[in-house]
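In: Attaching a predicted model along with its sequence, questions to come.
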Amino acid sequence: MLTETVYERIRTAILSAELRPNRRLVESDLAESLKVSRTPVREALLRLEQEGFVKRSRGWVVREYQPSEIRERLECRLAIEGYAAGLAASRVSEAVVEELRGLAAAMAELRDDRLAFNALNDTFHRIITDAAGNPTLSSLHAQTKMKYWDLNVPVTFSAEEDEAVVDQHRGLVEALEAGDGERAERLARTHVQLTMDVIVAELAKRYGGPRPTSSSA
């Protein structure tokens, strides 16, 4: 479907920081660059507005998240991705497990290329959530996505945190392959909690506010 393709293209551009916060989005310009009419662009922007990626302010604008919103979305991810991984363990196909294994291996090699790593990571977690076989859960998960690394100063992970992320990805694939829903859910929650701890600590340093409540990394 054309609208879905346009939606994915714009969403990817936002998540990759190609379209940065507060960037004005002109329907006619987007239509021209994507070589489509304005109708699918408008429909895609309306969907992105519902998911919190863009807003209307004398036209369309890429939303800039406040620190409190970033924390709220990460808290939602903690619940959604954990539960989705538990469901996926009993429903995932061998082909999807192999795809996830390939993504995990590729991410292990791309730790120094943060944008490429983040793009693969987004795909990795979306595939696991989709493997749960619950479209409503997948839709809720899409609404939690954001460019948490695209703040005034990018959020950075230490070498130890990066290694923990890579190990958790491998562990998640193993748990899914084994059909171990309890372990998959636990690992997914631990994985999101690590990301949340790093980001919340950085936000607290920059803007003040609560520190991380967990050190499960």
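Out: Yep, that arrived.
In: burial of the residue lying closest to residue 134 once chain neighbours are set aside, as a residue count?
Out: Spatial nearest neighbour of residue 134, chain neighbours left out: residue 87 (6.6 Å); criterion: CB to CB, 6 or more residues apart in numbering. Any C-beta I mention is one placed from the backbone N, CA and C, and that applies to glycine too. Neighbour count of residue 87, defined by other CB atoms under 10 Å: 19.
In: which parts of the helix or strand hosting residue 87 are buried?
Out: With elements delineated by DSSP states H and E, residue 87 resides in helix 67-88, which encompasses its position. Judged by neighbour count (16 or more other CB atoms under 10 Å), helix 67-88 contains these buried residues: 67, 70-71, 73-74, 77-78, 80-88.
In: Can you check the pLDDT for residue 151?
Out: Residue-level confidence at residue 151 comes out at 51, pLDDT.
In: Next: residue 42.
Out: 96.
In: Residue 41: neighbour count?
Out: 27.
In: In contact with it, which residues?
Out: Residues counted as contacts of residue 41 (CB atoms under 8 Å, 6 or more residues apart in numbering) are 6, 10, 27, 30-31, 34.
In: buried stuff in stretch 42-51?
Out: Result for stretch 42-51 [16+ other CB under 10 Å]: buried residues 42-45, 47-48, 51.
In: Residue 15 contacts residue 123, correct?
Out: No: contact between residue 15 and residue 123 fails when scored by CB atoms under 8 Å: they sit 10.6 Å apart.
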